[in-house]
Every structure is written in structure tokens, then in C-alpha cells.
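Colleague: Dropping a prediction and its sequence here:
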Amino acid sequence: MRWVIAILVVFTAGYMLFDGLHALTAGDYITPVSGEYAGQLGPWAGVLNSIGIDPRSTFVKVIFVVYGLSTLAALAGFLTRQPWGRSALLIMAVLGLWYLPIGTAINIVVLMLLFLKRN
């Protein structure tokens, strides 16, 4: 079960780290280049807009990078059975619930697996 958690966390946190670094260096997040959703961000951007935060701001791009790195560090602690690892990963999974839709779904699964896996 630890490796299922690891794969899910690497997928979401790794992508957020990659996309945040891309946005900081290239100027914008990775978005569809054609079709109905060309240039649009995911539903998570609406969550931020609703509370007055510009999803394309440097602040949010840095949050993506910090969240990605922090979550991967928490995962490393969890996988190496550090006393703080499980708690840190629980916190990071809760903090990632806003990342609709994929991040939300994956973090819910991670939370369920962490509650099932006590040791």
C-alpha cells in the first residue's frame, strides 16, 4: 500500500512542482494548445479566483513549487518511516484538496489509504 500512496503522491506533487517551475520560467502553466479549453487553467483556478487570488500570479506559481517540494519531502519521510512522515503526508494531502479535479480525487484516495495504513 505504501507504493500505491507513493505513486499517487509523486503524480500530483511532481506535476505541481513541474508545472509551477514551468510557469515561473516560461511565464505560464501548461495548458491545452487547441480545442475548446485552449489556454485555460483547470477548475482549481476558479477556486482561487473566487477568493480573490490570481491563479497566474507569481505568488501562486511559487506556491505550486513549494507545495510540490514539501509534499515530496513528506513522502520521503513517510517511505523511510520517519516519525513525522505519516503526519506530514496527511497534512500535505489535506492541503492539496483544492487542486480540482485530479488533485482533489487523488488526495482523497491518499487520505483514505493513510487512514487504512497505520504503520
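Modeller: Nice, I can see it.

Colleague: Got phi/psi on the residue nearest to residue 43 when sequence neighbours are not counted?
Modeller: Distance criterion C-beta to C-beta, 6 or more residues apart in numbering; nearest residue to residue 43, sequence neighbours excluded, is residue 100 at 4.0 Å. Quick note: C-beta positions are derived from backbone N, CA and C, even for glycine. The phi/psi pair for residue 100 (degrees, to the nearest 10) reads phi -70, psi 150.

Colleague: can you check residue 17 too?
Modeller: According to degrees, to the nearest 10, residue 17 has phi -60, psi -50.

Colleague: Quick check, it in contact with residue 62.
Modeller: No. Counting by C-beta atoms under 8 Å, residue 17 stays clear of residue 62, with 11.4 Å between them.

Colleague: Could you name every residue contacting both of those two?
Modeller: Shared contacts of residue 17 and residue 62 (C-beta atoms under 8 Å, 6 or more residues apart in numbering): none.

Colleague: Which one's more surrounded, those two?
Modeller: Legend: neighbour count by other C-beta atoms under 10 Å for residue 17 and residue 62, higher for residue 17 (20 against 13).

Colleague: which non-adjacent residue is nearest that one?
Modeller: Nearest residue to residue 17, sequence neighbours excluded (C-beta to C-beta, 6+ apart): residue 68, at 2.7 Å.

Colleague: How many residues are close by the one you found?
Modeller: By other C-beta under 10 Å, 22 other residues sit near residue 68.

Colleague: Work out for me the element it sits within.
Modeller: Per DSSP states H and E, residue 68 falls inside helix 58-79.

Colleague: buried stuff in that helix?
Modeller: Using 16 or more other C-beta atoms under 10 Å as the test for burial, helix 58-79 gives 60-61, 63-65, 67-68, 70-72, 74-75, 77-78.

Colleague: State the phi and psi torsions of the residue of the chain most remote from its centre.
Modeller: Farthest-out residue of the chain from its mean C-alpha position, per C-alpha atoms, centre = their mean: residue 35, at 25.2 Å. Dihedral pair for residue 35: phi 90, psi -170, per degrees, to the nearest 10.

Colleague: On the three-state scheme, residue 33 is what?
Modeller: When classified by DSSP: H, G, I helix; E, B strand; the rest coil, residue 33 comes out as coil.
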